[in-house]
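*Asks:* Build the 3D model from these lines:
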Amino acid sequence: MKNTMPAVVNYSIDKGSVELRDLEIPQIESNDVLIEVANIGVCGSDLHQWTSQHSWRVNYPVVLGHEFGGRIAKLGKGVSNWQVGDRVVSETAAVIDQGSPLSRQGLYNLDPARKGFGYGVNGAMTRYVRVPERCLHRIPDHLPFQEACLTEPCCVAYNAVVENVRIKPGDRVVVIGPGTIGILCAAMAKLCGAEVLVAGLKKDEGRLKVAAQYNCETTTAGANDWAYERDGLGADVIIDAAGISATLKTALELVRPHGQISKVGWGRDPINFSLDPMVQKNVSLKGSFSHNWPIWERVICLLGQGALDVKPIIGGIWSIRNWQEAFEKMHAGAVVKSVLKPV
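*Replies:* Next up, the predicted model:
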C-alpha cells in the first residue's frame, strides 16, 4: 500500500477552488474502518462547493465526496462485526454527538453537532477513506459498486417522499427539478403508486428524458394544467427538489388545499414572497434533510431487489484524475449523475 493517494480537494471558499492533491492515507481509530473506495457519486453539493454557491460551513481544505462504496481494507482494534474485504456503503454522518437527544432517538442526521463527509471531514474522492463503524451497511454481492455508491441520494429521496410526506396510491405528485434528487424522488413516488409529473426548464430536456424512463410524465411548459386537471384543486403532493428558493412559491401555487409539500432542494437566497397561501390552503410544508439507519437498510433492499434502478441516471464513469470533466458534464446538465473511480 502506497503512503500517498490522489484526492479531489476543495481548498477554499473561492469559486473554482478544487484541485487534485496527493494526500497521506488516513490513520484510523479503534472504532473506525479504512475503506478502499470503488466508486464515488458526484453530488450537487460537491458542485456547489466547487462553484462557491453553497450555504453551509465547510472545513477547508477537505476531500470532496460523500456518495461512495467499496471494500473494507483495514479494521480498527475495537471493530468486531466486520471483516477485511466486506462490501459496504457508508452513511454520511461522519461526526455526531452520540449522547445528544436527537442521536439517542435515531435522528442523528439532525444532530447540530453532525459533520458530514466532503465538507466537515475528508470525503471519498480518493483511494482510501476513514469511516466510523456505525456508518457501515453491507450490500449484496450482485449489486455493482457504481450503482451501490448511489445509495445515499436514494436515501435522500426516500426520506423526502416516504418519511416526510405520506403518498397514497393514486395521488398526483409534481416533482419540481429534474436533477438527481428530483428524478429519484419521482421514482420513489412511482413505487408508492402515485401518478407523477416531473417539471423542469427547457435546458433540462435531457434530464427529463431520463425521468421519463421511470414512467413519469414530464414538462418544460409549467405544471399547472397537469396539477389541476383531475378536479381543479391542485396536486396532492409537491416535491420541491430544485436548487433555488423561488420554486417554493410555485409549489404553493400547485398544491391542493390540505395537500403536502416536501422541500428537499437547497436554496440560499431569501424567498421574498408571502406564505399566506400555505395558511389559507392548510398545507403541510416539511423540510427534508439527509437520512438515518433504517432508511439505508430499506433502500439497499430496494436496490438489491431491482425495485429501484439507478442505472438510467448514471451518465458516465470517470477517473478522479478527470474529475473536472465529470463535474462540468453534470453542472452543464449533459448528464444527470457523474460517477468517479479512484484510478
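*Asks:* Nearest the geometric middle of this structure, what residue?
*Replies:* Centroid-nearest residue in the chain, with CA atoms, centre = their mean: residue 153, separated by 2.9 Å.
*Asks:* Wasn't that one part of a helix?
*Replies:* Yes: the assignment for residue 153 by DSSP: H, G, I helix; E, B strand; the rest coil puts it in a helix.
*Asks:* how much space is there between the residue lying closest to it once chain neighbours are set aside and residue 111?
*Replies:* Of all residues not flanking residue 153 in the chain, residue 180 sits nearest, at 5.3 Å (CB to CB, 6 or more residues apart in numbering). Using the backbone N, CA and C atoms, a C-beta is placed for each residue, glycine as well. Going from residue 180 to residue 111 by CB to CB, to the nearest Å gives 25 Å.
*Asks:* Of these two, which one has the most company?
*Replies:* Neighbours were counted for residue 180 and for residue 111 using other CB atoms under 10 Å; residue 180 has more, 29 against 20.
*Asks:* That one reaches residue 336, doesn't it?
*Replies:* Yes: using CB atoms under 8 Å, residue 180 is in contact with residue 336, at 5.7 Å.
*Asks:* Give the intersection of the neighbour lists for those two.
*Replies:* Overlap of the contact sets of residue 180 and residue 336 (by CB atoms under 8 Å, 6 or more residues apart in numbering) consists of residue 313.
*Asks:* Could you check how far the residue nearest to residue 153 is from residue 259?
*Replies:* 25 Å.
*Asks:* how about the helices in the stretch 201-343 of the chain?
*Replies:* Using DSSP state H, counting those that start in this stretch, the helices of the stretch 201-343 of the chain run over residues 205-212, 224-228, 247-254, 276-280, 293-305, 323-331.
*Asks:* Relative to residue 46, which of those is closest?
*Replies:* Closest to residue 46 of the helices of the stretch 201-343 of the chain, according to CB to CB: helix 323-331, at 7.3 Å.
*Asks:* Outside of the closest one itself, list whatever touches it.
*Replies:* Counting by CB under 8 Å, 6+ apart, 8, 18, 20, 42, 46-47, 50-51, 125, 315-316, 318, 335-340 sit against helix 323-331.
*Asks:* buried ones in that helix?
*Replies:* Residues of helix 323-331 classed as buried: 323, 326-327, 329-331 (neighbour count, 16 or more other CB atoms under 10 Å).
*Asks:* got the domain boundaries for the chain?
*Replies:* 4-150+310-341, 155-287 (automatic domain parsing).
*Asks:* Counting neighbours, what do you get for the residue lying closest to residue 13 once chain neighbours are set aside?
*Replies:* Nearest residue to residue 13 in three dimensions, chain neighbours excluded: residue 52, at 5.9 Å (CB to CB, 6+ apart). Applying other CB under 10 Å, we find 14 residues neighbouring residue 52.
*Asks:* Surely residue 52 forms part of a strand?
*Replies:* No: Residue 52: not assigned to a strand; according to three-state DSSP it is coil.
*Asks:* residues in contact with it?
*Replies:* Residues near residue 52 by CB under 8 Å, 6+ apart: 13-17.
*Asks:* just residue 338 next, same as before
*Replies:* The contact partners of residue 338, by CB under 8 Å, 6+ apart, come to 41-42, 315-316, 318, 326-327, 329-330.
*Asks:* Next one: the closest residue to it other than its chain neighbours from residue 40, what distance?
*Replies:* In space, and not counting its chain neighbours, residue 338 is closest to residue 326: 3.8 Å by CB to CB, 6+ apart. Look at residue 326 and residue 40: by CB to CB, they are 10 Å apart.
*Asks:* which residues do those two both contact?
*Replies:* 339-340.
*Asks:* Torsion angles phi and psi at residue 107?
*Replies:* phi -100, psi 50 (degrees, to the nearest 10).
*Asks:* Relative to residue 294, how far out is it?
*Replies:* The gap separating residue 107 from residue 294 is 11 Å, by CB to CB.
*Asks:* Residue 30 now?
*Replies:* In this view, residue 30 and residue 294 are 26 Å apart by CB to CB.
*Asks:* Stretch 199-212: which residues count as buried?
*Replies:* 199-200, 204, 207-208, 210-212.
*Asks:* Might you quantify the distance of it from its chain's geometric centre?
*Replies:* Distance of stretch 199-212 from the chain centroid (CA atoms, centre = their mean, to the nearest Å) equals 18 Å.
*Asks:* Just the residues contacting that stretch, thanks.
*Replies:* Here stretch 199-212 has contacts from 174-179, 182-183, 186, 198, 218-220, 222-223, 312-313, 333-334, 336, using CB under 8 Å, 6+ apart.
*Asks:* What is the end-to-end distance of stretch 222-230?
*Replies:* One end of stretch 222-230 sits 16 Å from the other (CA to CA, to the nearest Å).
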